[in-house]
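> sequence and predicted model, in that order:
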Amino acid sequence: MPHPRRYTSYEVRRGAPGNEEAAMGPGLAYGKAGAYQSVAAWSSLAEDEPQKLIVKLYDGALERIAAARGCIDNGLINEKCELLTRVLAIVGELRGSLDLVRGGEIAAHLDDLYDYVTRQLLLANATNRVDVLDEVSSLLRELRTAWTAVAAAPARPR
């Protein structure tokens, strides 16, 4: 008797196959008004509390890496590729947000780390190595912890 198929958390949230609206994410499945509300909420967060937005980006990357790991375990290669492509886009946004001039040495180190993470994600995608995904998750969790502390610190007057 074959074993029952295990679903990843990504598949459970996405719903039944063909339910692309649910896979689009919050706001997008509800038409233009929902999309506008979603963009407005993210834009407001980006202006008021950019550190919290960065933490949310890390959360999104970590969630997708965990789902991609589940896809590898279940042989869902297309879904894994889709998820890791999204993680690469998130890392690209984080890297693109660095101010290498004003950020000095810290920004340069983060740039190098994001470059390494990108290369490791590409390796994991090509080879289906969960140990590489675990390493990337560990690095991103450490960065998330640091940004959580920054976001919790009282705001400095400008």
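Structure received.

> lowest-pLDDT helix or strand in this structure?
helix 20-23 (a mean of 38; mean pLDDT, DSSP states H and E).

> isn't I72 up against V130?
Yes: if you go by Cβ atoms under 8 Å, I72 and V130 touch, sitting 5.6 Å apart. Every C-beta, even on glycine, is put in place using the N, C-alpha and C of the backbone.

> which of these two has more residues huddled nearby?
Neighbours were counted for I72 and for V130 using other Cβ atoms under 10 Å; I72 has more, 22 against 16.

> residues contacting that one?
80, 128, 130, 133 (Cβ atoms under 8 Å, 6 or more residues apart in numbering).

> reformat the residues you listed as a markdown table; add distance to I54.
Conversion of those to a markdown table gives the following (distance: Cβ to Cβ, whole Å):
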| residue | distance to I54 |
| --- | --- |
| K80 | 25 |
| N128 | 29 |
| V130 | 26 |
| L133 | 21 |
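
> any idea which of these is closest to V55?
Using Cβ to Cβ, L133 comes nearest to V55 of those, at 20.3 Å.

> tell me which element that closest one falls in.
In the assignment (DSSP states H and E), L133 maps to helix 130-152.

> so where is the protein shaky, pLDDT-wise?
In the predicted model, the chain carries pLDDT under 70 at residues 1-48, 155-158.

> next, the angle from the helix or strand hosting I65 to helix 130-152.
Here I65, judged by DSSP H and E, is contained in helix 50-73. Interaxial angle, helix 50-73 versus helix 130-152 (axes from the mean of the first three to the mean of the last three Cα atoms, to 10 degrees): 160 degrees.
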